[in-house]
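> quick check, what structure comes out for this input:
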Amino acid sequence: MTTDTFDNRVALITGAGSGIGRAMAIAFAKAGARVVVCDIKPESAELTASDIGEAALAVTADIGDEASVTAMVETAISAYGRIDVLCNNAGIIDNMALPADISIEMWDRVLRVNLTGTFLVTHAVLPHMLREGRGAIVNTASEAGIRGGAAGAAYTASKHGVVGLTRSVAWAYAKEGIRCNAILPGPTLTNIATAEGAAAFDTAGVTRLGPVLALGDQMAQPEQMADAALFLASDAASFVNGAIVPVDGGWSAG
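Numbering: from 1, shown residues only. Alright, predicted model coming up:
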């Protein structure tokens with residue numbers, strides 16, 4: 001893929017302050033895009049944008065809040081006039097609790113960010129893509145989006161929902177030139193699982209899920225996920241729409 005693949009295009013990436021989102025932001029910038037670096041932590045968004053340079057704009061937003069999402073998208077449009085690529089990457093993990101043990105508070109929190117947040121950002125960006133007659137959306141789902149035993153109940157349900165939303169958007173807007181695909185990362189070196197500390201995890205759930213999680217003990221780098229997203233958003237994938245792509249070193253093949 002040539003470095004000018006995304007020249008004159010604008011990519012909005014959520015959760016871009018760290019991990020996979022940060023790797024995506026850097027990859028799209030290197031490929032020629034102007035990047036809207038969105039994160040709930042302003043200092044993280046600013047750091048990623050600073051590392052990229054003039055091609056990046058840092059924006060703080062809570063993707064689970066409609067008003068915050070609206071403001072984020074309006075800022076992007078005001079700065080660049082368009083959004084060609086959307087990477088719905090922001091997400092949080094649950095505490096690995098099994099269905100009978102998870103708290104309603106945890107359920108609501110995880111679904112609000114991972115699924116409702118992905119919908120809210122997509123909902124806000126779609127009118128701008130429809131106006132341009134083209135667009136590429138790449139959602140970060142998870143191995144938990146196709147398995148029942150790769151995470152706790154809330155995270156698993158949320159990522160299954162992201163897979164369904166991906167297919168719905170792909171089907172609904174294919175004739176309008178908008179593509180929507182999802183990557184399903186396997187175990188990846190990010191801070192998503194350590195943000196709240198080991199003590200937050202449900203011991204019984206981790207023990208129950210241990211044999212399945214051990215199947216994916218080969219850890220990927222965030223850059224490997226970014227490369228997959230870059231391809232799916234590129235013209236090289238112009239006829240790829242509604243694809244749910246495991247990026248897991250073969251874990252899902254077993």
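> so what's the backbone phi/psi at the spatially most central residue of the chain?
Taking Cα atoms, centre = their mean, the centroid of the chain lies closest to N89, which sits 1.6 Å from it. For N89, the backbone dihedrals (degrees, to the nearest 10) come out as phi -110, psi -30.
> residues touching it, list them.
Neighbouring residues of N89 by Cβ atoms under 8 Å, 6 or more residues apart in numbering: 13-16, 20-21, 24, 139-140, 229. No exception for glycine: its C-beta is placed from N, CA and C like everyone else's.
> likewise for V245?
181-184, 228, 232 are the contacts of V245 under Cβ under 8 Å, 6+ apart.
> avg pLDDT for whichever strand or helix holds it?
Per DSSP states H and E: V245 is located in strand 244-247. Averaged over strand 244-247, pLDDT sits at 97.
> the helices in the stretch 51-200 of the chain, which residues?
Counting by DSSP state H, counting those that start in this stretch, the stretch 51-200 of the chain has helices at residues 66-80, 104-111, 117-132, 153-173.
> if we can go back for a sec, please name the strands paired to the strand holding V245 in the sheet, noting orientation.
Strand 244-247 has its sheet partners listed here by DSSP bridges as strand 178-185 (parallel).
> the partner strand to helix 153-173, inter-axis angle?
Strand 178-185 runs at 150 degrees relative to helix 153-173, counting by axes from the mean of the first three to the mean of the last three Cα atoms, to 10 degrees.
> extract the C-alpha set from strand 178-185 and format it as CSV.
Only the C-alpha atoms of strand 178-185 are listed here, as CSV (Å, rounded to 0.1, in the frame of the first residue of the first chain):
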residue,chain,number,x,y,z
ILE,A,178,-20.5,3.4,2.2
ARG,A,179,-18.7,0.3,3.4
CYS,A,180,-18.6,-1.0,7.0
ASN,A,181,-16.4,-3.8,8.2
ALA,A,182,-15.1,-5.0,11.6
ILE,A,183,-11.8,-6.4,12.8
LEU,A,184,-11.8,-8.9,15.6
PRO,A,185,-8.6,-8.6,17.6
